Structures are given as structure tokens and as C-alpha cells.
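A.B. asks: Provide a 3D model corresponding to the input given below.
(4 chains)
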There are 2 protein chains.
Amino acid sequence: MGKQKILDSDLLEGLAKVFRSKGYDGANLSELSIVTNLKKASLYHRFPDGKKEMAEAVLIHIEEWVDKNIFDPLENKKVSPKKRLKNALIEIYNSYNGGKDNCIFRALSLEPGSELFQEKIGIGIQKWISAFEKLGLALNFTEEKSHEYAVQTLIDIQGSLVLTKGLNSTKFFENALKGIESRYLER
Amino acid sequence: MGKQKILDSDLLEGLAKVFRSKGYDGANLSELSIVTNLKKASLYHRFPDGKKEMAEAVLIHIEEWVDKNIFDPLENKKVSPKKRLKNALIEIYNSYNGGKDNCIFRALSLEPGSELFQEKIGIGIQKWISAFEKLGLALNFTEEKSHEYAVQTLIDIQGSLVLTKGLNSTKFFENALKGIESRYLER
DNA sequence: TACATCTTACCGAACGTACGGTAATTTTTA
DNA sequence: TAAAAATTACCGTACGTTCGGTAAGATGTA
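C.D. replies: Residues are numbered from 1 along each chain as shown, chains lettered A, B, ... in the order given. Below you'll find the predicted structure:
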């Protein structure tokens, strides 16, 4: 019975799950150890800089996932803008587990720890806004409207996630996604 | 030069400041002690059940403040609905320090600790929705529209606070409040 | 091919520290 | 002067981190 290498993707998804639900300070090494099937010392083998490096790796992992599964398809000119939007909303719905999971940005923006990730989070949010701005333009909205709608899209997602958590009902998130779709598609 | 008795309101505001910025787990007794000018053991004299009781007291304190400074004026029939809305938005703006401060609901809805406050938070959010529903009715919107607008008001506030924090710019919060106002006032 | 060496992946045990919390005592207040 | 409030000194525990070490695959060399 030899030692199996834990796959990077499994590892990062385990870490992500904890950081998303507990934030930086609330995520403790014991639990990170359990969800990754790796003892604490082994986590330090993978991440010599410790918890901070783990959270950063999670942020990067999620960013890559979003690039590939949301941003790239959203800008794929071989598909109609309407279809692109619909696909993106489905991906968003699933990636937040229908509204039951937190956003990593929100989880990591509480002190202590927020200073460490502030810059990465800012860039990440900016990328979301840009992606939806491009969609707006592709749907022939003005630059101004495209920006306004992009910002409102993020606000709807983030705000509805807060209500979904606070009132323990996914309907807010679901309705928000529907609202985003009709804002773009109903002229 | 004797020691001054710490006033309940100052005490709770100090505690609130820490819980809002750090969440339940991130708030530690050393800092709660410093910000209240009370040694740890003295905090335990005031709150025998410890940190949990402190966070609950903060939640209650904020709820009372909101009742008095936002909900009551918002339902005061001696003032026109339009004026009531404008006053409420000003109070909201100031109470979030122009967008720079977190919402206590959001701060306390991360694990660990979220279980402890889930119910109180749910009731609190529900009260916000109800208050804005009544405003919508007073402004002669249908019940359905009043509900829709009330939910969207909370989403705009919460979502814009996330963007404000994440991008370190209060313009998102400011614009959201303007958007709320015009949604109610521009027919 | 065969064996030695290097490297990767992992782990048990322990470290110093900071945590939430408590007991005993002094100070303040009325 | 008695009760209430605040303080000092302390406790057990859980935290993030580090150390010393093992198993096993990869690489180098004859």
C-alpha cells in the first residue's frame, strides 16, 4: 500500500469549500487537513507559506475556473450573445450551488486576512464587470448602459446571495438570475 | 482621577465596530477589551455568557437603533412618503459610514458562529423587507411591486457594500442609494 | 540490468502563542 | 459599609507552524 498523491484539483476544491464557508480566520488547519485528506504537516509541504498560501491558491484556482467556464464562453463570438448569457447564468447558478454557497470574495473580505487578498479580490471583481460590459456591448447597448448593467449584475448576484443566506431560501438568488437575464434580453 | 463607568451605549458601539469588521470568529476578546476600555474579566462581568452574549447584545443594540432611526421614521404618517424615503436613505448612508463599514448581518453569517445568529439575522432582514414594503404601498405601488422593490432595495444595499469593499470605492454604495431613490420616486 | 542516490509526498509529535474563559482581589459607587 | 464594577493573575485548550523522519517513486551510473 503506497502513498497516493493527492490531486491538486481535489486538494484545492477541498480548501475552497472551507474558505468559502468560514472565511480566512474561521478556516482552521485541522479542518483543512480533514477535507483534503492530508495531515497538517503535509499541507505545509504543498504550501510552505501556510494558511495564507492556501487561501491564495484557492483564489487563483477559482479565478482560473471562472476564466475557463464563464469568461471565455461569455466572449466566444461563435455563439450568439443571448445564448452566451444564458449559458453563463447556468454556470453561475451551479457554481454557487443554487445560492447555498458563499462567494469567495465575500468570505475573504472580512478582517483579519482581508488585507492579504484585497488586491486580488479587486482585480477579480473588475474582471467580472469587464466581462459583462463586453456582453452588453455585444447586445448593442451603449457603453454607459453596458457598464451600468454589468455593475448591477454583480450587485444582484452578491446581494441576493446575502439574502439567500440570511433568510435560508434560495429563491432570492434564483430570482436575481432571472432578473439579470430579462434586463439584458427584454428590450 | 477616578475611573469612569463605561456607558452601555459606548460599550455596545465598541463591540459592534469589531464584530462588524471581523465577524464572530475573527473578533477576539483582546481587541474587544481594548475597544471598550474594559479588561476581559470586566467584559465577563457585563456579559456572563461571554463572546456569544456580546455578539447577541450587539445584534439587539443595532436592531433597536434601526427600529428607532430607520423603521419608525419610515412609517411615520405625519411625514410624506417621499420625504420619509429620503430621510431613511440618509440614515442608511451614515450608518454604513458611506459604504466603508460592513453590515452586521453579513459579518455574522460566516461560520463558525453563523448558527448562533441565523434566526436573529433572518428576522432582522425580514423586518427590513417589511419596512420597505409598507413604503411602497404608501407610495401607491401594488403589493407585488412593493414586495419586489423592497427585496431589490436590500439586494442593492448588500450587493453594493460588497463591491464597495472589494473595489475600495464608495461610489457603488452611493450610486445604489441613488438608484433606490429613483426607483421609488420616478414613475 | 542492478544498485545507489536523489527527490517527492507524506506524517507523528511537539513548539510557542493566542485564544476564550475564571477566581481572587481591589476599587468605585451609593 | 455593603454591593457593584473593574482589575490582576491565572488556566486549559486549540491554534498555526515546525521538526525529524519514513515510504516509495524517479533518476543516475556501472
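
A.B. asks: Show me which residues of chain A sit near DNA strand C.
C.D. replies: A:3-6, A:37-42, A:44-46 (C-beta under 7 Å from any atom of the strand). Where C-beta positions appear, they are placed from N, C-alpha and C, glycine not excepted.

A.B. asks: can you do 6 Å?
C.D. replies: A:3-6, A:38-42, A:45 (C-beta under 6 Å from any atom of the strand).

A.B. asks: Just give the nearest non-adjacent residue to A:L59, would you?
C.D. replies: Nearest residue to A:L59 in three dimensions, chain neighbours excluded: A:K120, at 5.3 Å (C-beta to C-beta, 6 or more residues apart in numbering or on different chains).

A.B. asks: Likewise for A:K165?
C.D. replies: Nearest non-adjacent residue to A:K165 (C-beta to C-beta, 6+ apart): B:S109, at 5.2 Å.

A.B. asks: and A:A55, how far is that from A:G136?
C.D. replies: In this structure, A:A55 lies at 32 Å from A:G136, with C-beta to C-beta, to the nearest Å as the measure.

A.B. asks: ok, now A:W65?
C.D. replies: According to C-beta to C-beta, A:W65 and A:G136 sit 23 Å apart.

A.B. asks: try A:D25
C.D. replies: In terms of C-beta to C-beta, A:D25 sits 37 Å off from A:G136.

A.B. asks: likewise A:K17?
C.D. replies: Remark: distance between A:K17 and A:G136 (C-beta to C-beta) = 33 Å.

A.B. asks: what about the two, which has more around it?
C.D. replies: A:G136 (23 against 17; other C-beta atoms under 10 Å in any protein chain shown).

A.B. asks: who's in contact with the host helix or strand of that one?
C.D. replies: Using DSSP states H and E, A:G136 falls within helix A:114-138. Helix A:114-138 is contacted by residues A:24, A:52, A:55-56, A:59, A:63, A:66, A:70-71, A:74-75, A:81, A:84-85, A:88, A:105, A:108-109, A:143, A:145-147, A:149-151, A:153-154, A:184, B:163, B:165-168 when judged by C-beta atoms under 8 Å, 6 or more residues apart in numbering or on different chains.

A.B. asks: Kindly supply the PyMOL command isolating those of these that are buried.
C.D. replies: In PyMOL, this line selects whichever of these come out buried by 16 or more other C-beta atoms under 10 Å in any protein chain shown:
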select buried, (chain A and resi 24+55+56+59+63+66+70+71+74+81+84+85+88+105+108+109+146+147+149+150+151+153+154+184) or (chain B and resi 163+165+166+167)
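
A.B. asks: can you tell me which of the contacts of helix A:114-138 are in helices?
C.D. replies: Among these, the residues falling in helices (DSSP state H) are A:24, A:52, A:55-56, A:59, A:63, A:66, A:74, A:81, A:84-85, A:88, A:105, A:143, A:145-147, A:149-151, A:153-154, A:184, B:163, B:165-167.
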